[in-house]
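Visitor: Could you work out the structure for the sequence below:
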Amino acid sequence: MDGHGGDGMSKHAKAIKAIETAFQAGKYAEALDLTNHAIALNPKDPVAYRAKGRLLQMQRKFEEAIKYYEAAERRGAKDADDFVNRGICKAELQRYDDGIEDFTKALEKNPKYLHAVIQRGAAQWEMRRWDKAEENFRLANEIAPDDANANWILGLLALQRNDFKTGWPLYNRRWKSERFKSRPLQTDKPEWEKDTGLRSVLVWGEQGIGDQIIYGSLLPAVRERTDHVTAMVDPRLISIFSRSMPDIVFQSQMDKIPKDRHDSHLPFASIGGHFIQEVEDIPRHVNSPFLKADPDRVAQLRVELGIQPGDFVVGLSWLSTAMKIGPHKSIPLVELLPIINGPNRKVVNVQYGFKKSDTDLFNAEHGTNVLTSSVDLWKDFEGLAALLMVCDVVVAVSSTTVHLAGALGQRVLLMDANKLWYWGNKIGDTSAWYPRTKIFQRENMISPWNKVVDLVRSEVEFIQNERG
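Guide: Numbering: from 1, shown residues only. You can find the predicted model right below:
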(Lines give C-alpha, C1' and ligand atoms only; values in the text may rest on other atoms or scores of the structure.)
Protein backbone atom coordinates (compact mmCIF):
# COMPACT_ATOMS: atom_id res chain seq x y z
CA MET A 1 0.00 0.00 0.00
CA ASP A 2 1.18 3.55 -0.66
CA GLY A 3 -0.72 5.35 2.06
CA HIS A 4 -3.59 6.26 -0.25
CA GLY A 5 -5.52 3.06 0.25
CA GLY A 6 -6.79 0.78 -2.48
CA ASP A 7 -8.47 3.61 -4.34
CA GLY A 8 -5.18 5.55 -4.38
CA MET A 9 -3.35 2.54 -5.82
CA SER A 10 -6.01 2.24 -8.47
CA LYS A 11 -5.59 5.88 -9.41
CA HIS A 12 -1.83 5.39 -9.58
CA ALA A 13 -2.15 2.39 -11.87
CA LYS A 14 -4.47 4.38 -14.12
CA ALA A 15 -1.99 7.26 -14.18
CA ILE A 16 0.82 4.91 -15.23
CA LYS A 17 -1.37 3.51 -17.99
CA ALA A 18 -2.26 7.04 -19.10
CA ILE A 19 1.44 7.93 -19.33
CA GLU A 20 2.05 4.96 -21.60
CA THR A 21 -0.98 5.80 -23.76
CA ALA A 22 0.07 9.44 -24.17
CA PHE A 23 3.64 8.40 -24.95
CA GLN A 24 2.57 5.92 -27.61
CA ALA A 25 0.39 8.62 -29.16
CA GLY A 26 3.33 11.01 -29.32
CA LYS A 27 1.73 13.37 -26.78
CA TYR A 28 4.95 13.88 -24.85
CA ALA A 29 3.99 17.09 -23.01
CA GLU A 30 0.84 15.40 -21.75
CA ALA A 31 2.82 12.33 -20.74
CA LEU A 32 5.26 14.50 -18.80
CA ASP A 33 2.40 16.14 -16.87
CA LEU A 34 1.01 12.71 -16.10
CA THR A 35 4.32 11.57 -14.61
CA ASN A 36 4.03 14.34 -12.01
CA HIS A 37 0.52 13.17 -11.20
CA ALA A 38 1.64 9.55 -10.88
CA ILE A 39 4.57 10.50 -8.63
CA ALA A 40 2.25 12.47 -6.36
CA LEU A 41 -0.08 9.47 -6.08
CA ASN A 42 2.73 7.03 -5.24
CA PRO A 43 6.15 8.57 -4.53
CA LYS A 44 7.68 5.12 -3.86
CA ASP A 45 7.01 3.56 -7.27
CA PRO A 46 10.00 3.84 -9.66
CA VAL A 47 7.96 3.58 -12.89
CA ALA A 48 6.84 7.21 -13.10
CA TYR A 49 10.34 8.46 -12.21
CA ARG A 50 11.81 6.33 -14.98
CA ALA A 51 9.18 7.60 -17.44
CA LYS A 52 9.87 11.21 -16.50
CA GLY A 53 13.60 10.65 -16.94
CA ARG A 54 13.02 9.24 -20.43
CA LEU A 55 10.77 12.14 -21.44
CA LEU A 56 13.26 14.71 -20.17
CA GLN A 57 16.02 12.88 -22.03
CA MET A 58 14.00 13.17 -25.24
CA GLN A 59 13.83 16.92 -24.63
CA ARG A 60 17.63 16.88 -24.21
CA LYS A 61 17.28 18.03 -20.61
CA PHE A 62 19.98 15.61 -19.59
CA GLU A 63 20.81 16.92 -16.11
CA GLU A 64 17.17 16.72 -15.06
CA ALA A 65 16.75 13.33 -16.69
CA ILE A 66 19.68 11.93 -14.71
CA LYS A 67 18.07 13.07 -11.44
CA TYR A 68 14.90 11.14 -12.24
CA TYR A 69 16.78 8.03 -13.38
CA GLU A 70 18.68 8.17 -10.07
CA ALA A 71 15.41 8.59 -8.18
CA ALA A 72 14.03 5.53 -9.98
CA GLU A 73 17.17 3.56 -9.08
CA ARG A 74 16.80 4.48 -5.39
CA ARG A 75 13.30 3.08 -5.59
CA GLY A 76 14.45 -0.22 -7.03
CA ALA A 77 14.68 0.40 -10.82
CA LYS A 78 17.90 -1.32 -11.87
CA ASP A 79 17.08 -2.65 -15.32
CA ALA A 80 19.73 -2.63 -18.03
CA ASP A 81 17.63 -0.09 -19.98
CA ASP A 82 17.70 2.30 -17.04
CA PHE A 83 21.49 2.22 -16.87
CA VAL A 84 21.88 2.65 -20.64
CA ASN A 85 19.54 5.64 -20.78
CA ARG A 86 21.25 7.31 -17.84
CA GLY A 87 24.65 6.57 -19.38
CA ILE A 88 23.58 8.21 -22.63
CA CYS A 89 22.56 11.34 -20.72
CA LYS A 90 25.94 11.46 -19.01
CA ALA A 91 27.77 10.98 -22.30
CA GLU A 92 25.74 13.81 -23.87
CA LEU A 93 27.00 16.00 -21.02
CA GLN A 94 30.55 14.86 -21.86
CA ARG A 95 30.74 12.90 -18.62
CA TYR A 96 32.05 9.97 -20.63
CA ASP A 97 33.65 7.96 -17.83
CA ASP A 98 30.44 8.19 -15.76
CA GLY A 99 28.54 7.01 -18.83
CA ILE A 100 30.94 4.10 -19.30
CA GLU A 101 30.25 3.07 -15.72
CA ASP A 102 26.51 2.94 -16.40
CA PHE A 103 26.94 1.06 -19.69
CA THR A 104 29.08 -1.47 -17.83
CA LYS A 105 26.34 -1.88 -15.19
CA ALA A 106 23.86 -2.55 -17.97
CA LEU A 107 26.16 -5.23 -19.40
CA GLU A 108 26.46 -6.84 -15.98
CA LYS A 109 22.69 -7.24 -16.15
CA ASN A 110 22.72 -8.34 -19.79
CA PRO A 111 26.17 -9.21 -21.25
CA LYS A 112 24.78 -9.27 -24.79
CA TYR A 113 23.03 -5.91 -24.70
CA LEU A 114 24.15 -4.59 -28.09
CA HIS A 115 23.20 -0.95 -27.56
CA ALA A 116 25.13 -0.82 -24.27
CA VAL A 117 28.26 -2.19 -25.96
CA ILE A 118 28.03 0.32 -28.83
CA GLN A 119 27.45 3.24 -26.46
CA ARG A 120 30.38 2.20 -24.27
CA GLY A 121 32.58 1.94 -27.35
CA ALA A 122 31.47 5.38 -28.52
CA ALA A 123 32.31 6.89 -25.12
CA GLN A 124 35.76 5.30 -25.21
CA TRP A 125 36.22 6.75 -28.71
CA GLU A 126 35.44 10.24 -27.40
CA MET A 127 38.16 9.77 -24.82
CA ARG A 128 40.55 8.64 -27.60
CA ARG A 129 41.03 5.23 -26.07
CA TRP A 130 41.15 3.57 -29.46
CA ASP A 131 41.96 0.04 -28.26
CA LYS A 132 39.09 0.00 -25.78
CA ALA A 133 36.73 1.47 -28.37
CA GLU A 134 37.72 -1.19 -30.88
CA GLU A 135 37.32 -3.90 -28.25
CA ASN A 136 33.72 -2.80 -27.68
CA PHE A 137 32.86 -2.47 -31.36
CA ARG A 138 34.30 -5.92 -32.09
CA LEU A 139 32.24 -7.30 -29.23
CA ALA A 140 29.18 -5.63 -30.77
CA ASN A 141 29.92 -7.40 -34.04
CA GLU A 142 30.27 -10.73 -32.21
CA ILE A 143 26.92 -10.20 -30.49
CA ALA A 144 25.17 -9.18 -33.72
CA PRO A 145 27.28 -10.04 -36.81
CA ASP A 146 24.58 -8.74 -39.14
CA ASP A 147 23.76 -5.54 -37.28
CA ALA A 148 24.41 -2.64 -39.65
CA ASN A 149 25.03 -0.12 -36.85
CA ALA A 150 27.70 -2.30 -35.28
CA ASN A 151 29.31 -2.99 -38.67
CA TRP A 152 29.28 0.64 -39.76
CA ILE A 153 30.71 2.00 -36.50
CA LEU A 154 33.50 -0.59 -36.45
CA GLY A 155 34.20 0.43 -40.04
CA LEU A 156 34.49 4.09 -39.06
CA LEU A 157 37.00 3.26 -36.35
CA ALA A 158 39.01 1.06 -38.70
CA LEU A 159 39.17 3.88 -41.26
CA GLN A 160 40.25 6.33 -38.56
CA ARG A 161 43.08 3.95 -37.62
CA ASN A 162 44.15 3.60 -41.27
CA ASP A 163 42.97 -0.02 -41.47
CA PHE A 164 41.26 0.53 -44.82
CA LYS A 165 41.06 -3.13 -45.83
CA THR A 166 38.86 -3.79 -42.81
CA GLY A 167 37.16 -0.42 -42.82
CA TRP A 168 35.72 0.03 -46.31
CA PRO A 169 33.59 -3.15 -46.46
CA LEU A 170 32.14 -2.42 -43.02
CA TYR A 171 31.64 1.27 -43.89
CA ASN A 172 29.55 0.22 -46.88
CA ARG A 173 27.01 -1.26 -44.46
CA ARG A 174 26.00 2.33 -43.64
CA TRP A 175 22.98 2.12 -45.95
CA LYS A 176 21.31 -0.41 -43.68
CA SER A 177 21.89 1.61 -40.51
CA GLU A 178 18.97 3.68 -39.23
CA ARG A 179 21.51 6.13 -37.82
CA PHE A 180 22.85 6.97 -41.27
CA LYS A 181 20.87 9.90 -42.66
CA SER A 182 21.60 9.81 -46.41
CA ARG A 183 19.40 7.67 -48.65
CA PRO A 184 20.63 5.47 -51.51
CA LEU A 185 19.97 6.17 -55.15
CA GLN A 186 17.13 4.10 -56.55
CA THR A 187 18.56 2.50 -59.68
CA ASP A 188 18.74 -0.84 -61.45
CA LYS A 189 22.24 -0.13 -62.77
CA PRO A 190 25.19 -2.04 -61.25
CA GLU A 191 27.62 -0.35 -58.90
CA TRP A 192 30.83 0.68 -60.67
CA GLU A 193 34.01 -1.25 -60.02
CA LYS A 194 37.43 -1.02 -61.59
CA ASP A 195 38.33 -3.35 -64.46
CA THR A 196 34.80 -4.61 -65.07
CA GLY A 197 34.17 -2.99 -68.44
CA LEU A 198 31.80 -0.38 -67.02
CA ARG A 199 32.73 2.85 -68.78
CA SER A 200 30.08 5.48 -67.99
CA VAL A 201 29.49 6.06 -64.28
CA LEU A 202 27.07 8.25 -62.36
CA VAL A 203 28.65 9.30 -59.05
CA TRP A 204 25.87 10.51 -56.81
CA GLY A 205 26.03 12.84 -53.84
CA GLU A 206 25.50 11.70 -50.28
CA GLN A 207 26.22 13.15 -46.84
CA GLY A 208 27.34 16.78 -46.47
CA ILE A 209 29.24 19.26 -48.61
CA GLY A 210 32.52 18.61 -46.82
CA ASP A 211 32.15 14.89 -47.51
CA GLN A 212 31.48 15.57 -51.19
CA ILE A 213 34.64 17.67 -51.37
CA ILE A 214 36.93 15.14 -49.71
CA TYR A 215 35.60 12.17 -51.70
CA GLY A 216 35.47 14.39 -54.79
CA SER A 217 39.27 14.45 -54.66
CA LEU A 218 39.12 10.92 -56.10
CA LEU A 219 36.84 11.73 -59.04
CA PRO A 220 39.82 12.16 -61.41
CA ALA A 221 40.92 8.64 -60.48
CA VAL A 222 37.50 7.35 -61.54
CA ARG A 223 37.62 9.41 -64.73
CA GLU A 224 41.01 7.94 -65.70
CA ARG A 225 39.39 4.50 -65.78
CA THR A 226 36.19 5.41 -67.63
CA ASP A 227 34.97 7.18 -70.73
CA HIS A 228 32.45 9.41 -69.00
CA VAL A 229 31.71 10.53 -65.43
CA THR A 230 28.69 12.48 -64.25
CA ALA A 231 28.90 13.62 -60.64
CA MET A 232 25.84 14.81 -58.73
CA VAL A 233 26.80 17.30 -56.03
CA ASP A 234 25.33 20.03 -53.87
CA PRO A 235 24.34 22.87 -56.26
CA ARG A 236 26.72 25.23 -54.45
CA LEU A 237 29.68 23.13 -55.61
CA ILE A 238 28.83 22.77 -59.29
CA SER A 239 30.68 25.79 -60.68
CA ILE A 240 33.90 25.33 -58.72
CA PHE A 241 34.05 21.59 -59.46
CA SER A 242 33.30 22.22 -63.14
CA ARG A 243 36.12 24.76 -63.42
CA SER A 244 38.53 22.44 -61.64
CA MET A 245 37.64 19.16 -63.38
CA PRO A 246 36.47 20.12 -66.87
CA ASP A 247 36.44 16.53 -68.19
CA ILE A 248 33.73 15.56 -65.66
CA VAL A 249 30.09 16.63 -65.92
CA PHE A 250 28.69 18.08 -62.68
CA GLN A 251 24.99 18.35 -61.99
CA SER A 252 22.82 19.05 -58.98
CA GLN A 253 22.16 16.12 -56.69
CA MET A 254 18.49 17.08 -56.96
CA ASP A 255 18.40 16.54 -60.74
CA LYS A 256 17.03 13.46 -62.44
CA ILE A 257 19.61 11.88 -64.74
CA PRO A 258 18.36 9.85 -67.74
CA LYS A 259 19.29 6.19 -67.46
CA ASP A 260 20.84 6.05 -70.92
CA ARG A 261 23.65 8.40 -69.85
CA HIS A 262 25.41 5.85 -67.64
CA ASP A 263 25.96 2.11 -67.37
CA SER A 264 26.79 2.12 -63.65
CA HIS A 265 26.58 4.17 -60.47
CA LEU A 266 28.75 4.86 -57.43
CA PRO A 267 28.00 6.60 -54.11
CA PHE A 268 30.45 9.41 -53.36
CA ALA A 269 31.70 7.92 -50.10
CA SER A 270 32.30 4.53 -51.71
CA ILE A 271 34.93 5.85 -54.13
CA GLY A 272 37.67 5.44 -51.55
CA GLY A 273 37.20 1.70 -51.28
CA HIS A 274 38.32 1.32 -54.90
CA PHE A 275 41.59 3.23 -54.50
CA ILE A 276 42.66 3.56 -50.86
CA GLN A 277 43.97 0.44 -49.12
CA GLU A 278 46.68 2.10 -47.03
CA VAL A 279 47.26 5.69 -45.96
CA GLU A 280 50.06 6.14 -48.51
CA ASP A 281 47.52 5.49 -51.29
CA ILE A 282 45.78 8.79 -50.54
CA PRO A 283 48.50 11.12 -51.90
CA ARG A 284 49.03 8.70 -54.79
CA HIS A 285 45.48 9.27 -56.02
CA VAL A 286 44.66 12.76 -54.72
CA ASN A 287 46.23 15.66 -56.57
CA SER A 288 46.67 18.76 -54.42
CA PRO A 289 45.24 21.24 -54.96
CA PHE A 290 42.29 19.77 -56.83
CA LEU A 291 39.92 22.77 -56.74
CA LYS A 292 40.52 26.23 -58.21
CA ALA A 293 39.01 29.53 -57.10
CA ASP A 294 37.91 32.25 -59.51
CA PRO A 295 40.96 34.59 -59.74
CA ASP A 296 38.78 37.60 -60.52
CA ARG A 297 36.78 37.08 -57.30
CA VAL A 298 40.03 36.77 -55.35
CA ALA A 299 41.26 40.08 -56.74
CA GLN A 300 37.92 41.79 -56.00
CA LEU A 301 37.96 40.64 -52.38
CA ARG A 302 41.51 41.84 -51.86
CA VAL A 303 40.38 45.30 -52.90
CA GLU A 304 37.17 45.15 -50.84
CA LEU A 305 39.02 44.16 -47.66
CA GLY A 306 41.90 46.53 -48.23
CA ILE A 307 44.50 43.77 -48.36
CA GLN A 308 47.91 45.11 -49.37
CA PRO A 309 50.73 43.00 -50.86
CA GLY A 310 52.70 42.97 -47.60
CA ASP A 311 49.77 42.13 -45.30
CA PHE A 312 49.67 38.83 -43.41
CA VAL A 313 46.09 37.54 -43.46
CA VAL A 314 44.58 34.92 -41.15
CA GLY A 315 41.20 33.41 -42.03
CA LEU A 316 39.21 32.30 -39.00
CA SER A 317 36.40 29.72 -38.68
CA TRP A 318 35.39 28.49 -35.23
CA LEU A 319 31.91 26.96 -35.50
CA SER A 320 30.43 23.80 -36.97
CA THR A 321 26.70 23.78 -37.66
CA ALA A 322 26.42 19.98 -37.83
CA MET A 323 23.23 19.13 -35.96
CA LYS A 324 24.54 16.56 -33.48
CA ILE A 325 28.31 16.85 -33.39
CA GLY A 326 28.68 20.54 -34.27
CA PRO A 327 28.74 21.82 -30.66
CA HIS A 328 31.48 19.32 -29.81
CA LYS A 329 33.62 20.55 -32.71
CA SER A 330 33.11 24.26 -32.11
CA ILE A 331 35.12 26.70 -30.00
CA PRO A 332 33.98 30.09 -28.63
CA LEU A 333 35.45 32.92 -30.68
CA VAL A 334 36.61 34.70 -27.53
CA GLU A 335 39.00 31.79 -26.85
CA LEU A 336 40.78 32.63 -30.10
CA LEU A 337 41.77 36.15 -28.96
CA PRO A 338 45.45 35.10 -28.61
CA ILE A 339 45.43 34.41 -32.37
CA ILE A 340 43.30 37.41 -33.31
CA ASN A 341 45.45 39.85 -31.33
CA GLY A 342 48.77 38.88 -32.86
CA PRO A 343 50.81 41.83 -34.13
CA ASN A 344 50.87 42.99 -37.74
CA ARG A 345 48.18 40.71 -39.07
CA LYS A 346 44.72 41.05 -40.53
CA VAL A 347 42.05 38.57 -39.43
CA VAL A 348 39.23 37.73 -41.84
CA ASN A 349 35.96 36.08 -40.86
CA VAL A 350 35.47 32.94 -42.99
CA GLN A 351 32.81 31.55 -40.64
CA TYR A 352 29.50 30.88 -42.39
CA GLY A 353 26.51 32.07 -40.39
CA PHE A 354 28.48 34.87 -38.70
CA LYS A 355 27.31 38.18 -40.18
CA LYS A 356 29.03 41.55 -40.27
CA SER A 357 26.78 42.78 -37.46
CA ASP A 358 28.01 39.88 -35.31
CA THR A 359 31.62 40.73 -36.14
CA ASP A 360 31.07 44.41 -35.39
CA LEU A 361 29.61 43.54 -31.99
CA PHE A 362 32.53 41.24 -31.19
CA ASN A 363 35.04 43.88 -32.29
CA ALA A 364 33.33 46.51 -30.12
CA GLU A 365 33.36 44.24 -27.07
CA HIS A 366 36.98 43.10 -27.41
CA GLY A 367 38.76 45.91 -29.19
CA THR A 368 39.57 43.71 -32.18
CA ASN A 369 39.33 44.29 -35.92
CA VAL A 370 38.05 41.06 -37.44
CA LEU A 371 37.12 41.82 -41.06
CA THR A 372 33.94 40.56 -42.69
CA SER A 373 33.43 40.60 -46.46
CA SER A 374 30.25 40.96 -48.49
CA VAL A 375 30.29 37.25 -49.41
CA ASP A 376 27.36 35.13 -48.28
CA LEU A 377 29.53 32.38 -46.81
CA TRP A 378 26.68 29.88 -46.66
CA LYS A 379 25.22 30.23 -50.15
CA ASP A 380 28.17 31.48 -52.23
CA PHE A 381 30.89 28.85 -52.24
CA GLU A 382 32.68 30.55 -55.13
CA GLY A 383 32.91 33.61 -52.91
CA LEU A 384 34.06 31.55 -49.93
CA ALA A 385 36.73 29.88 -52.05
CA ALA A 386 37.97 33.26 -53.25
CA LEU A 387 37.98 34.61 -49.69
CA LEU A 388 40.04 31.64 -48.51
CA MET A 389 42.58 32.36 -51.25
CA VAL A 390 43.00 35.89 -49.89
CA CYS A 391 44.39 34.36 -46.68
CA ASP A 392 47.96 33.34 -45.92
CA VAL A 393 46.73 30.76 -43.43
CA VAL A 394 43.30 29.51 -42.36
CA VAL A 395 42.70 28.63 -38.71
CA ALA A 396 39.56 26.55 -38.31
CA VAL A 397 37.67 23.82 -36.53
CA SER A 398 36.51 20.81 -38.53
CA SER A 399 33.92 22.08 -40.99
CA THR A 400 33.14 22.50 -44.67
CA THR A 401 35.49 25.51 -44.65
CA VAL A 402 38.46 23.25 -43.85
CA HIS A 403 37.59 20.89 -46.71
CA LEU A 404 37.30 23.75 -49.18
CA ALA A 405 40.51 25.43 -48.01
CA GLY A 406 42.36 22.10 -48.08
CA ALA A 407 41.06 21.29 -51.58
CA LEU A 408 42.27 24.72 -52.75
CA GLY A 409 45.74 23.91 -51.43
CA GLN A 410 45.63 26.61 -48.79
CA ARG A 411 47.65 26.36 -45.60
CA VAL A 412 45.24 25.27 -42.85
CA LEU A 413 45.70 24.85 -39.10
CA LEU A 414 42.91 22.50 -38.05
CA MET A 415 41.75 22.48 -34.44
CA ASP A 416 40.30 18.98 -34.40
CA ALA A 417 37.83 17.68 -31.84
CA ASN A 418 38.31 14.03 -32.83
CA LYS A 419 34.83 13.59 -34.33
CA LEU A 420 35.46 12.54 -37.94
CA TRP A 421 37.44 9.52 -39.10
CA TYR A 422 39.35 11.07 -41.99
CA TRP A 423 41.29 13.46 -39.76
CA GLY A 424 42.94 10.32 -38.37
CA ASN A 425 44.50 9.71 -41.81
CA LYS A 426 47.74 11.59 -41.25
CA ILE A 427 51.27 11.58 -42.56
CA GLY A 428 53.20 12.99 -39.65
CA ASP A 429 50.98 15.72 -38.27
CA THR A 430 49.40 16.70 -41.59
CA SER A 431 46.30 15.40 -43.30
CA ALA A 432 46.91 12.73 -45.92
CA TRP A 433 43.95 14.17 -47.86
CA TYR A 434 45.04 17.81 -47.68
CA PRO A 435 48.85 17.95 -47.40
CA ARG A 436 48.94 21.63 -46.38
CA THR A 437 46.53 21.02 -43.49
CA LYS A 438 48.25 20.58 -40.15
CA ILE A 439 46.14 18.89 -37.49
CA PHE A 440 46.08 19.91 -33.83
CA GLN A 441 43.98 17.44 -31.84
CA ARG A 442 42.49 17.81 -28.41
CA GLU A 443 43.64 15.19 -25.92
CA ASN A 444 40.04 14.00 -25.65
CA MET A 445 36.53 15.39 -25.77
CA ILE A 446 36.56 16.78 -22.23
CA SER A 447 39.95 18.48 -22.40
CA PRO A 448 39.91 22.29 -22.77
CA TRP A 449 40.84 23.96 -26.03
CA ASN A 450 43.51 26.21 -24.51
CA LYS A 451 46.45 23.89 -25.26
CA VAL A 452 45.38 23.57 -28.88
CA VAL A 453 44.89 27.34 -29.19
CA ASP A 454 48.34 27.99 -27.76
CA LEU A 455 49.97 25.56 -30.21
CA VAL A 456 48.08 27.12 -33.12
CA ARG A 457 49.03 30.63 -31.98
CA SER A 458 52.70 29.60 -32.03
CA GLU A 459 52.31 28.05 -35.47
CA VAL A 460 50.68 31.19 -36.85
CA GLU A 461 53.57 33.24 -35.48
CA PHE A 462 56.06 30.83 -37.08
CA ILE A 463 54.33 31.08 -40.48
CA GLN A 464 54.15 34.86 -40.20
CA ASN A 465 57.84 35.13 -39.33
CA GLU A 466 58.73 32.65 -42.06
CA ARG A 467 56.89 34.80 -44.58
CA GLY A 468 58.87 37.80 -43.42
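
Visitor: Need the contact partners of the strand or helix carrying Ala72.
Guide: Per DSSP states H and E: Ala72 is located in helix 62-74. Helix 62-74 has contacts (C-beta atoms under 8 Å, 6 or more residues apart in numbering) with 46-47, 49-50, 52-54, 56-57, 77, 82, 85-86, 89-90, 92-93. Bear in mind the C-beta positions are built from the backbone N, C-alpha and C, glycine included.

Visitor: same thing but at 7 Å, please
Guide: 46, 49-50, 52-53, 56-57, 82, 85-86, 89-90, 92-93 (C-beta atoms under 7 Å, 6 or more residues apart in numbering).

Visitor: buried ones in that helix?
Guide: Buried residues in helix 62-74, defined by neighbour count with 16 or more other C-beta atoms under 10 Å: Phe62, Ala65, Ile66, Lys67, Tyr68, Tyr69, Ala71, Ala72, Glu73.

Visitor: Looking at the residues you listed, which is nearest Glu466?
Guide: Each of the buried residues of helix 62-74 was scored against Glu466 by C-beta to C-beta, and Phe62 proved nearest at 45.7 Å.

Visitor: List the buried residues for the longest helix along the chain?
Guide: If you go by DSSP state H, the chain has its longest helix at helix 5-24. The neighbour-count check on helix 5-24 (16+ other C-beta under 10 Å) flags Met9, Lys11, His12, Ala15, Ile16, Ala18, Ile19, Ala22, Phe23 as buried.

Visitor: For Met254, which non-adjacent residue is closest in space?
Guide: Excluding the flanking residues, the one nearest Met254 by C-beta to C-beta, 6 or more residues apart in numbering is Pro235, at 7.2 Å.

Visitor: distance of that neighbour from Lys165?
Guide: Distance of Pro235 to Lys165, computed by C-beta to C-beta, to the nearest Å: 35 Å.

Visitor: Those two: which has the busier surroundings?
Guide: Taking neighbours as other C-beta atoms under 10 Å, Pro235 and Lys165 compare with Pro235 leading, 16 against 11.

Visitor: Tally up the residues packed near Leu413, please.
Guide: Leu413 has 22 neighbouring residues, counting by other C-beta under 10 Å.

Visitor: I'd say it and Arg457 touch.
Guide: No - Leu413 is beyond contact range of Arg457, at 9.6 Å (criterion: C-beta atoms under 7 Å).

Visitor: returning to what we had before: quick one: average pLDDT of the longest helix of the chain?
Guide: Helix 5-24 carries an average pLDDT of 78.

Visitor: which stretches of the chain have low pLDDT?
Guide: Along the chain, the model assigns pLDDT under 70 to residues 1-9, 320-328.

Visitor: per-domain residue ranges of it.
Guide: 5-176, 200-285, 295-467 (automatic domain parsing).

Visitor: Ser252 is in contact with Leu237, isn't it?
Guide: No - contact criterion C-beta under 7 Å: Ser252 and Leu237 do not qualify, at 9.4 Å.

Visitor: Which one's more surrounded, those two?
Guide: Leu237 (25 against 14).

Visitor: Check the gap between that one and Gln253 for me.
Guide: In this view, Leu237 and Gln253 are 9 Å apart by C-beta to C-beta.

Visitor: cool, Ile339 as well?
Guide: Separation of Ile339 from Gln253 (C-beta to C-beta): 36 Å.

Visitor: Determine the number of other residues adjacent to Glu92.
Guide: Using other C-beta under 10 Å, Glu92 is surrounded by 17 other residues.

Visitor: Kindly apply the preceding question to Trp318 instead.
Guide: Trp318 is flanked by 24 other residues according to other C-beta under 10 Å.

Visitor: can you tell me which residues contact it?
Guide: Going by C-beta under 7 Å, 6+ apart, Trp318 touches Ser330, Ile331, Leu333, Leu336, Gln351, Val397.

Visitor: now swap in Ser182 and tell me
Guide: By C-beta under 7 Å, 6+ apart, the contact set of Ser182 is Glu206, Gln207.

Visitor: Can you list phi and psi of it for me?
Guide: Reported as degrees, to the nearest 10, the phi and psi values for Ser182 are phi -70, psi 160.
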